[in-house]
Every structure is written in structure tokens, then in C-alpha cells.
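just to be clear, the model below is a prediction. Sequence and coordinates:
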Amino acid sequence: DAKTTQPPSMDCAEGRAANLPCNHSTISGNEYVYWYRQIHSQGPQYIIHGLKNNETNEMASLIITEDRKSSTLILPHATLRDTAVYYCIVRVDRGSTLGRLYFGRGTQLTVWP
Amino acid sequence: GAGVSQSPSNKVTEKGKDVELRCDPISGHTALYWYRQSLGQGLEFLIYFQGNSAPDKSGLPSDRFSAERTGGSVSTLTIQRTQQEDSAVYLCASSSIQGNGYTFGSGTRLTVV
């Protein structure tokens, strides 16, 4: 049960911002939103995560709606190397155990020149 | 090493043979996961180890699959009497209990002929 819904594919022009949406309408109060990406033939790579505040790091920004039922991953200046499958995941991040990651089908982002 | 190491990177085996896949997590990471990814598909959870707790084996597809984690570090995934449908990339990930995200290895590509 992936618990998230993402569009299967998106395109973006190189140098423009890529905004990848994710719906997680059944998210619980203690579940974080994580984003990973997988470039062809490689293992998934961690991008960013958040609970309810917007987050930014060197790779991307994460915008979470106030009701936490959806979020958007923003790659501010997409490059050709950002072409990958992007996974939005919710997981529990409290207590002495760590919840598993449920990977859905993700969004295939294609950045074109 | 700095990352999660998996070996072998590629394995071709005959149907009916047993195989062992190895995962060497990041030193100090208490959580370890096995996933598999069939061609063109998303990631499928297999098993999860967390410290000294009993592993979560709920994702193992059949009793031909087993995994162990010795000394809380290296893990071995064993597939007995391999079948062609076992062909996939097997991915291992580890995380610290306070980690920001899981670090995945590059995977083992298993081909059963």
C-alpha cells in the first residue's frame, strides 16, 4: 500500500523549475513525507523529507500543504541529470523502530534540452 | 566504506540453484532493508531488520526466500531453488535510528536462466 498518488510522467525544460506533485490524503499525524529519486540502473537516492513545515536543502525544496494531504517537490533549476523516477513516500518516524518505505510507481521526470 | 555495499553486482544462475546476496550496510546503521525491483516495476519490500528486534519478514514472497543479519551488520539474502520470476534487481538499504533517510546500495542484478 503506497499511500501516495503521483502522476506517472512529467516533462520539464532544462533550467526551468520542475514541480512534482504528490497526494497523500490518508497521511497520519506522525507520518513524514519523503522523496527519493532513481536514476536508471541505480539504487534510489534520498532527496528530502518533511513533516509539516516546508523544507529546503541543496537538492530541492519540499512544500507541504497546511492540511498535509499533498506536497510538491521543487527542483529549482532542472538539469538533464535530474531525469529520473521520483518517488513520494510517507512513513512513520517515531519510536524505537523505523517504518518501512512504501514505494509506489513514482513520476518519471524527463528534462529536455 | 562510506556507502552501502552489495555483492555481487550481477549474478546469473540456473533455475533450481540456490543464491546468496550480500549487503554491507553503513557502519553504525541499525536498520537494514531488502527490496527487489523487477524490470520496469516499482520497489517491492522484502524484509526489514532493526537492531536486535525480530525482523519484519512480511514481504518475503515465498518460503524459498530467507535473510539473516549477523552481528547487527552484514546481511545475507538467500533464495533457494531459484525460479525465473525471481529475476530482478535486489536492493539493500540502511538507516540510523536518527537518520534523515535510507541509503541504498547499487543492487544485485539477479538473472535466472
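Thanks, I have the structure now. Please read all numbers here as calculations on a predicted model, not as lab measurements.

burial measure for residue 107, as a count.
No chain in the question, so chain A it is. Counted by other CB atoms under 10 Å in any protein chain shown, the residues lying close to residue A:107 total 21. Where you see a C-beta, it was placed from the backbone N, CA and C, and this is true even at glycine.

my question was about chain B, not that one.
The number of residues packed around residue B:107, counting by other CB under 10 Å, is 24.

next, the contact list for it, please.
Taking CB atoms under 8 Å, 6 or more residues apart in numbering or on different chains as the contact definition, residue B:107 lies against A:42, A:43, B:6, B:9, B:37, B:89, B:90, B:91, B:92.

apply 6 Å and report the result again.
Residue B:107 sits next to A:43, B:89, B:91 when contact means CB atoms under 6 Å, 6 or more residues apart in numbering or on different chains.

and the pLDDT for it?
Listed pLDDT for residue B:107 reads 95.

related to what we said a few turns ago, quick one: which of the contacts of residue B:107 has the most company?
Neighbours were tallied for each of those (criterion: other CB under 10 Å), and the maximum of 26 neighbours falls on residue B:91.

I'd assumed residue A:44 was in contact with it.
No - taking contacts as CB atoms under 6 Å, residue B:91 lies outside contact range of residue A:44: 7.4 Å.

anything in contact with each of the two?
Common neighbours of residue B:91 and residue A:44, using CB under 6 Å, 6+ apart, are residue B:104.

thinking again about what came up before, which residue in the contacts of residue B:107 has the weakest pLDDT?
Sorting the contacts of residue B:107 by pLDDT puts residue A:43 at the bottom of the list (89).

quick check: chain neighbours aside, which residue is closest to that one?
Nearest residue to residue A:43 in three dimensions, chain neighbours excluded: residue B:104, at 3.3 Å (CB to CB, 6 or more residues apart in numbering or on different chains).

across the sheet, point out what pairs with the one you found.
residue B:93 (DSSP bridges).

what residues are up against it?
Residue B:104 neighbours (CB under 6 Å, 6+ apart): A:43, A:44, B:91, B:93.

10 Å - rerun?
Shown here is residue B:104, whose contacts under the criterion CB atoms under 10 Å, 6 or more residues apart in numbering or on different chains are A:36, A:38, A:42-46, B:3-4, B:6, B:33, B:35, B:43, B:91-94.

before we move on, the earlier item: in strands, which of the contacts of residue B:107 appear?
Judged by DSSP state E, strands contain the following of the contacts of residue B:107: B:89, B:91.

can you select the buried ones from the contacts of residue B:104 in ChimeraX?
The ChimeraX command for the buried members of the contacts of residue B:104 (criterion: 16 or more other CB atoms under 10 Å in any protein chain shown) is given here:
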select /A:36,38,43,44,46 /B:4,6,33,35,43,91,92,93,94
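
need the contact list for the spatially most central residue of chain A.
Geometric centre of chain A, nearest residue: residue A:35, 3.1 Å, by CA atoms, centre = their mean. When contacts are counted by CB under 10 Å, 6+ apart, residue A:35 touches A:20, A:22, A:45-50, A:55, A:59-60, A:62, A:71-73, A:86-89, A:106, B:101.

among these, name the buried ones.
Of all the contacts of residue A:35 considered here, the ones buried according to neighbour count by 16+ other CB under 10 Å are A:20, A:22, A:46-50, A:55, A:60, A:62, A:71-73, A:86-89, A:106, B:101.

which among the contacts of residue B:107 gets closest to residue B:57?
Minimum separation from residue B:57 among the contacts of residue B:107 (CB to CB) is found for residue B:91, which lies at 16.9 Å.
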